[in-house]
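S.K.: structure for the following, please:
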Amino acid sequence: MSALALAACGAAESDAPAQAEGPLVQVVEVASASAAGAIRASGLVGYKREPQLSFTAPGIVGDLLVDAGDSVRRGQRLATLRRTSGGANVDEAALARANAERDLARTQELYDRGFVSEARLDDARLAVQRASDSSVLVAPADGVILRRAAETSQTVNAGTPILVFGETRSGIVVRAPVASSEASRIRVNDQVQVRVNELGVTRTGRVARVGAKGNDSTGAFEVEVEIADASGLRSGMVAEVEIAATPGAAATATLMVPTLSLLDARADQGIVFVVDAQGVARRRAVTTAGVTQAGVIVISGLEPGDRVISAGAAYVRDGETVRISAGT
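M.R.: Next comes the predicted model:
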């Protein structure tokens, strides 16, 4: 009889299902990404003034004397144009050319005697060129050619962009969009930390301008940041800025989580899994404020020190016990 009892117990134990192991995940401990009240945003580096240069008359592009990346001086010839329309009144055009040539002769004489500047002489030369059957495009200031928007022998209308120009004297800035609630806390001359990942260093700057009107599509306001040391920066680079703005009534420190931690992301909302001391994963709704190369900025829903699943979150259910990878 005892043998039968032992056999029955053995069969019951063998029939019991083995306890399933939880999914293997990696976790990170959440840390502050910025001080309380600070505003983080991403923007583009560019010259403060980047005009598009064009001819004032229609015609056919003759010579393009510069290319993207070339440094140029004020008054330097950049491109030529052969006009396809000379004006409705031939006599009036001839008179304009004669007047421009006489003015150039007088200006040249005054320049030789030291009575006028070289800039005035350049303007007189430009007036002669504009009054002729061909036009010359010159650099309006010292700068850099950012992009060539036309090609030789291309037919263009008056005002068609030929070159995109960056004026070096205007300086280099970062233009970053921020939400309206954050823009209201930003003031001109607020201190800014600027980081361009390609350079691997952090520069200091200041807020030079806060947009007076939000973007019609996004509602964001553009903030312009002047950078103290612009060495190595190029127009079009992506920069991350942290603005030491005036704290609001409910200002809190922002937190950073890995991009893969965020699930069901919609606008500024999402879900992450937080692992408690017993190894149980719990769903947590969070509010976000953008994505950077370092991760997702979280402004509410988490606390410093929370352990968030950084890899494997897609395979976890709410309330499930997880196994944490030894490498995390």
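
S.K.: got a list of what Ile324 touches?
M.R.: By CB atoms under 8 Å, 6 or more residues apart in numbering, the contact set of Ile324 is 24-27, 275, 279. C-beta: built from backbone N, CA, C; applies to glycine.

S.K.: of those, which pair is most distant in space?
M.R.: Spatial extent of the contacts of Ile324 (CB to CB) is set by the pair Gln26 and Gly279 at 13.4 Å.

S.K.: tell me which of the two has more neighbours.
M.R.: Neighbour count, other CB atoms under 10 Å: between Gln26 and Gly279, Gln26 has more, with 18 against 15.

S.K.: the strands in the stretch 101-250 of the chain, which residues?
M.R.: With DSSP state E, counting those that start in this stretch as the criterion, the stretch 101-250 of the chain has strands at 134-138, 143-148, 155-156, 161-167, 172-178, 191-196, 201-210, 221-227, 238-243.

S.K.: so which of the ones you listed is nearest Leu53?
M.R.: Across the strands of the stretch 101-250 of the chain, closest to Leu53 is strand 161-167 (CB to CB), at 4.6 Å.

S.K.: so which of the contacts of Ile324 belong to helices?
M.R.: If you go by DSSP state H, the contacts of Ile324 have nothing in helices.

S.K.: is it possible to get JSON lines of those that adds pLDDT and distance to Val196?
M.R.: Converted to JSON lines, the contacts of Ile324 look like this (pLDDT from 0 to 100; distance: CB to CB, whole Å):
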{"residue": "Leu24", "pLDDT": "88", "distance to Val196": "37"}
{"residue": "Val25", "pLDDT": "85", "distance to Val196": "33"}
{"residue": "Gln26", "pLDDT": "87", "distance to Val196": "29"}
{"residue": "Val27", "pLDDT": "88", "distance to Val196": "30"}
{"residue": "Val275", "pLDDT": "90", "distance to Val196": "34"}
{"residue": "Gly279", "pLDDT": "89", "distance to Val196": "40"}
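
S.K.: could the strands of the stretch 101-250 of the chain be laid out in JSON lines, adding distance to Glu320?
M.R.: Listed next are the strands of the stretch 101-250 of the chain as JSON lines, based on distance: least, CB to CB, whole Å:
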{"stretch": "strand 134-138", "distance to Glu320": "67"}
{"stretch": "strand 143-148", "distance to Glu320": "53"}
{"stretch": "strand 155-156", "distance to Glu320": "65"}
{"stretch": "strand 161-167", "distance to Glu320": "55"}
{"stretch": "strand 172-178", "distance to Glu320": "38"}
{"stretch": "strand 191-196", "distance to Glu320": "38"}
{"stretch": "strand 201-210", "distance to Glu320": "40"}
{"stretch": "strand 221-227", "distance to Glu320": "43"}
{"stretch": "strand 238-243", "distance to Glu320": "35"}
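
S.K.: thank you kindly, that will do.
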